[in-house]
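*Asks:* Here is my input, please return the structure:
(one chain, ligands or ions: 1)
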Amino acid sequence: MDKLKEKFLKGEMPKVSLYDIHAHLGGYNRDYPVFYGTTEEIIREMERIGIKKAFVFHLEVYGTEFSYNNDKIIADCNKFSEYLIGFCLVNLNYSQKIIEKEIERCRKLGSVGIKLIAQYQDYPDEGKNVEFVCEYANHHKMPVLNHSWGSPKFLERLVKKYPLIHYICGHPVLAYTEVVNKYENIWFCTAGVSGFGEVEKMVRTMRNDRICWGSDFSDLDFGWTLGSIILAEIGEKTKRRILGENMVQLLKKLSIGER
Ligand SMILES: [Zn+2]
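*Replies:* Numbers count the residues shown, from 1 in each chain. Reported below is the predicted structural model:
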């Protein structure tokens, strides 16, 4: 049994530098409250578990009050800049003028990337505003994490048209495997992984340098995907890559170092 699994089964901390590619803050938002989920409490938990850095966006994914929530994320990222790297989020149903104005405002205030989640906003995954956001992100070399990139064909079309973006698949949809394997700028997040043998299949079929741990905190608990990876029947070296080393490479590509 590898060291990570042994520690985990004893209830001990994994003692590995964890990097989280998909996380939410915003227990303060009235549409989706997370009790005992203040940013201060989350930071304490990140320190306890050993999470060095996380990409964060707000939990109010419907985007009904996006400016208010983006401001909260920006403030949290400034306060805890050692741990948090902020992505802004907009409701894709708004006009391109309003979307651009908000993303531009957030970028100037320090947002590093953009989070998309069309499904929760009753907007089509392959709608024209998704492409509009990618055009903006490509121009400013911002990474984009999308809850769903629609069909693999759609994702591939965007990758070809907007090659300067680092694309992050927000959840482990294995249909994207072929596209992920083909390009140098697509990253695959494990948030929500739960099926028996799912991690093993991912590691068998997908390039291992692209799979990154995403906990989806504070929507989900840190332990869910941490357990799925640490207990999977894959090599310890691969586990370490997924849990942190791969995202460190992404941060280097984005010129985000230790602050
Ligand atoms: Zn999420």
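
*Asks:* count of neighbours near Ile103?
*Replies:* Around Ile103 sit 23 other residues, with neighbours defined as other CB atoms under 10 Å. For the C-beta atoms, the positions are set from N, CA and C on the backbone; glycine is no exception.

*Asks:* can you check Ile234 too?
*Replies:* Residue neighbour count, defined by other CB under 10 Å, stands at 19 for Ile234.

*Asks:* now Glu131
*Replies:* Around Glu131 there are 15 other residues, counting by other CB under 10 Å.

*Asks:* can you check Lys3 too?
*Replies:* Here the number of neighbours of Lys3 (other CB under 10 Å) works out to 12.

*Asks:* Repeat that for Arg241.
*Replies:* Neighbours around Arg241, by other CB under 10 Å: 22.

*Asks:* got a list of what it touches?
*Replies:* Contacts of Arg241 were listed using CB atoms under 8 Å, 6 or more residues apart in numbering, and they are Asn208, Asp209, Ile211.

*Asks:* Looking at those, which one is closest to Leu25?
*Replies:* Ile211 (23.8 Å; CB to CB).

*Asks:* Do you have the helices of the stretch 1-150 of the chain handy? List them.
*Replies:* Taking DSSP state H, counting those that start in this stretch as the test, the helices found in the stretch 1-150 of the chain are 3-9, 39-49, 66-79, 96-109, 128-140.

*Asks:* Check which helices and strands the last one is in contact with.
*Replies:* Under the contact criterion of 3 or more CB pairs under 8 Å, 6 or more residues apart in numbering; DSSP states H and E, the helices and strands touching helix 128-140 comprise helix 96-109, strand 113-116, strand 144-146, helix 152-161.

*Asks:* now swap in the first one and tell me
*Replies:* Here helix 3-9 is seen to pack against helix 222-230, helix 236-240 when contacts are counted using 3+ CB pairs under 8 Å, 6+ apart.

*Asks:* Output it as PDB, restricted to C-alpha atoms.
*Replies:* C-alpha atoms of helix 3-9 as PDB (Å, rounded to 0.1, in the frame of the first residue of the first chain):
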ATOM      1  CA  LYS A   3       2.100   6.000   1.800                       C
ATOM      2  CA  LEU A   4      -0.700   8.400   0.800                       C
ATOM      3  CA  LYS A   5      -3.300   5.600   1.100                       C
ATOM      4  CA  GLU A   6      -1.900   4.300   4.300                       C
ATOM      5  CA  LYS A   7      -2.100   7.800   6.000                       C
ATOM      6  CA  PHE A   8      -5.500   8.400   4.600                       C
ATOM      7  CA  LEU A   9      -6.900   5.200   6.000                       C
END
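
*Asks:* coming back round to it: which one among the contacts of Arg241 gets closest to Ser255?
*Replies:* Of all the contacts of Arg241, the one sitting nearest Ser255 is Asp209; the distance, using CB to CB, is 18.6 Å.

*Asks:* what about this structure, any weak spots by pLDDT?
*Replies:* Of all residues in the chain, those with pLDDT under 70 make up the ranges 28, 257-259.
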